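1. Build me a structure from this.
(chains A, B, C and D)
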There are 4 protein chains.
Amino acid sequence: MEEWWTCCYPGVVVAGVWALRSLAPWWPPHVLYTTVSLPLLTVASDMAQKLTAGERESKLKPLLDDSWTMVDGRDAVKKTFLFKDFNEAWGWMGRVALRSEKMDHHPEWFNVYNKVEVTWSTHDCGGLSSKDINMATFCDDTFKLSSK
Amino acid sequence: MEEWWTCCYPGVVVAGVWALRSLAPWWPPHVLYTTVSLPLLTVASDMAQKLTAGERESKLKPLLDDSWTMVDGRDAVKKTFLFKDFNEAWGWMGRVALRSEKMDHHPEWFNVYNKVEVTWSTHDCGGLSSKDINMATFCDDTFKLSSK
Amino acid sequence: MEEWWTCCYPGVVVAGVWALRSLAPWWPPHVLYTTVSLPLLTVASDMAQKLTAGERESKLKPLLDDSWTMVDGRDAVKKTFLFKDFNEAWGWMGRVALRSEKMDHHPEWFNVYNKVEVTWSTHDCGGLSSKDINMATFCDDTFKLSSK
Amino acid sequence: MEEWWTCCYPGVVVAGVWALRSLAPWWPPHVLYTTVSLPLLTVASDMAQKLTAGERESKLKPLLDDSWTMVDGRDAVKKTFLFKDFNEAWGWMGRVALRSEKMDHHPEWFNVYNKVEVTWSTHDCGGLSSKDINMATFCDDTFKLSSK
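-> Here you go, the predicted structure:
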């Protein structure tokens, strides 16, 4: 979670509970707190956060060692996948498409015949997040299956 | 939400808070309640529930009036979609597949060339739930686009 | 090629050349013959023909030894493919769909989540043809890749 | 068909027939001619040929009037298609993929979420051929269906 969010969270909760109490003074405290916290935590858990220095060492580096490269001038990674033919490439793209839609995190990708160039970056946080790590890993894992 | 769940929910929360308080007596009450409620509500919101009589009137009936039929001997609906050719059918199936994966609710479907027979039912609750209504409606909406 | 066709072919060519010569008497013989033969051969090479007894021994039997079974009351084969999940199943289905469209020979298939039941038979000749052997083999080959 | 081919065709056929006659002198002339012509015509009909000036006026211009643009420094056309979301885009891409594989003529395409940039050009002839016109038209026709 991004730093400003961690700092602000308690303040936002207290302000929210205060506001809600004036609207519904008869609600018991735990109901007030749950009502305020729940949507905040849901939003927070969905918010992508840029990888920290530690995560870049532990999670990003293994990808860069496995043919992923940083995109010039952007906090993004890309890799070119080569298949036997279009049929094999498209079967794999179908799997990535399905996962992308499920994770609500979509690639920038270019395809011609048996070649697919995939770029991962997270628009929300303007750079690489753990979502990109997950999807890049999924690409690698399914590629290993799809192509012998 | 199914009835037994609605009845049990307050009891489960109180029991959970009681147990957690013995483990972490220094936590303030609102933290205890949030910690207990959050996973319960998350699970609950994911649990499919059989359509009520009212929902069957308001949500299921419109589908049955639009060519969906009940499956013999099951609480399930099915419909046959006819396309111009396999190409048009497959484009549509791709959309339904993507949505199914996103919603984590998958069809039983049979295809041959330009024909797709789709059945919706919810395994978890052993019958029709609002997930089926949503997916059947998605099928109809995208079918109207895909074919003329 | 079916027997009646093999028998009739020379007669059809001669009749066609005779007819064409009366329309275009100035065409040299090889042009006449090519003009008549070409569409006939094209049609013939596209016509599916039921497997002969010999082909059933040499081509069908290996499939029946590899989990394909004859469909009750039809000259057709079917097999059930089990995948890890819907994602893996759908990636494979995409490959089969692409090949089907290219070969202009489509499956009867049923899917629910990680399971795909595929039936192959050739409508044109009312039974199994070499197209079915080819597509069933493609299913097996790509399945072996797709699932570990 | 490209010009050199049209010029060479009779010579190639005569040479082929001459060669074949020395190998199989007992074959009647029409068999010799068919045997030689058939593979030549099959190859020829598969060979992409650059659009002529006339075809550029009659077939390419309508595309350029419908948002297709020439690619800088290449004899190729491109267009950007915008959809409602990834689901709609992917359903359409599935249709184009299927047709590409059937026609054995594949796009260069880039996708991110609801946007698809498609480029058509024919590798074999180093520029635009009628295959590109056909596929670009297919893109337009199916796009009109897919997106309201």
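2. Please count neighbours and contacts with C-alpha atoms only from this point.
-> Fine.
3. residues in chain A within reach of chain D, list them.
-> A:86-87, A:90, A:97, A:101, A:106-113 (CA under 8 Å from any CA of the partner chain).
4. How are the strands of chain A distributed by residue range?
-> A:69-70, A:77-82, A:108-112, A:115-120 (DSSP state E).
5. which of those is buried the deepest?
-> With neighbours taken as mean count of other CA atoms under 10 Å in any protein chain shown, those reach their highest mean count in strand A:115-120, at a mean of 21.
6. strands paired with that strand, and their directions?
-> strand A:77-82 (antiparallel), strand A:108-112 (antiparallel) (DSSP bridges).
7. can I get the ones you listed in TSV with distance to A:Ser58 and mean pLDDT?
-> Output for the strands paired with strand A:115-120, formatted as TSV (distance: least, CA to CA, whole Å; pLDDT from 0 to 100):
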stretch	distance to A:Ser58	mean pLDDT
strand A:77-82	15	98
strand A:108-112	24	98
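8. In TSV: those, plus distance to A:Asp132.
-> Shown next, in TSV, are the strands paired with strand A:115-120 (distance: least, CA to CA, whole Å):
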stretch	distance to A:Asp132
strand A:77-82	8
strand A:108-112	11
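9. For A:Asn114, which residues are in contact?
-> By CA atoms under 8 Å, 6 or more residues apart in numbering or on different chains, the residues touching A:Asn114 are A:82-89.
10. which of these count as buried?
-> Among those, the ones that count as buried by 16 or more other CA atoms under 10 Å in any protein chain shown are A:82-83, A:86-89.
11. Among those residues, which pair sits farthest apart?
-> Using CA to CA, the buried ones among the contacts of A:Asn114 span at most 11.8 Å, a distance reached by A:Leu82 and A:Asn87.
12. Going by proximity to chain B, name the top residue of chain A.
-> A:Lys102 (4.1 Å; CA to the nearest CA).
13. thinking again about what came up before, out of the strands of chain A, which comes closest to C:Gly11?
-> Taking these one by one with CA to CA, strand A:108-112 is closest: 47.7 Å.
14. any chance of the residues of chain A next to chain D in TSV, plus distance to B:Val77?
-> TSV is the format used below for the residues of chain A next to chain D (distance: CA to CA, whole Å):
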residue	distance to B:Val77
A:Phe86	37
A:Asn87	34
A:Trp90	32
A:Ala97	28
A:Glu101	26
A:His106	32
A:Pro107	35
A:Glu108	38
A:Trp109	38
A:Phe110	39
A:Asn111	39
A:Val112	41
A:Tyr113	40
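15. Tell me the one among those residues nearest to chain C.
-> A:Asn87 (5.7 Å).
16. thought that closest one was touching C:Ala97?
-> No. Here A:Asn87 does not reach C:Ala97: they are 9.4 Å apart, not a contact under CA atoms under 8 Å.
17. How about A:Asp75: what's its closest non-neighbour residue?
-> Among residues not flanking A:Asp75 along the chain, A:Gly127 sits closest, at 4.7 Å (CA to CA, 6 or more residues apart in numbering or on different chains).
18. can you check A:Thr137 too?
-> A:Leu63 (7.7 Å).
19. how much space between that neighbour and chain C?
-> 22 Å (CA to the nearest CA, to the nearest Å).
20. show me the residues around whatever residue of chain A ends up closest to chain D that make contact.
-> Among the residues of chain A, A:Phe110 lies closest to chain D, at 4.2 Å counting by CA to the nearest CA. Shown in contact with A:Phe110 (CA under 8 Å, 6+ apart): A:116-118, D:108-111.
21. From A:Lys102, how far out is it?
-> Separation of A:Phe110 from A:Lys102 (CA to CA, to the nearest Å): 21 Å.
22. can you give me the mean pLDDT across the longest helix along chain A?
-> Determined from DSSP state H, the single longest helix within chain A is helix A:3-23. The average pLDDT for helix A:3-23 rounds to 74.
23. Give me the neighbour count for A:Asp141.
-> 11 (other CA atoms under 10 Å in any protein chain shown).
24. show me the contacts for the residue nearest the centre of chain A.
-> The residue lying closest to the centre of chain A (CA atoms, centre = their mean) is A:Lys131, at 2.2 Å. Counting by CA under 8 Å, 6+ apart, A:Lys131 makes contact with A:48, A:105, A:122.
25. Looking at these, which one is closest to D:Thr34?
-> Proximity of the contacts of A:Lys131 to D:Thr34 (CA to CA) peaks at A:His105, which lies at 57.3 Å.
26. Name the nearest residue to that closest one, sequence neighbours excluded.
-> In space, A:His105 is closest to A:Lys131, 7.1 Å off (CA to CA, 6+ apart).
27. pLDDT value on the one you found, please?
-> Looking at A:Lys131, its pLDDT is 95.
28. Just the closest residue of chain A to chain C, please.
-> Closest point on chain A to chain C, by CA to the nearest CA, is A:Gly91, at 4.6 Å.
29. Please tell me how far the residue of chain A most remote from its centre sits from A:Ala19.
-> Here chain A reaches farthest from its C-alpha mean at A:Trp26, the gap being 40.1 Å by CA atoms, centre = their mean. Counting by CA to CA, the gap from A:Trp26 to A:Ala19 is 13 Å.
30. Understood, closing this out.
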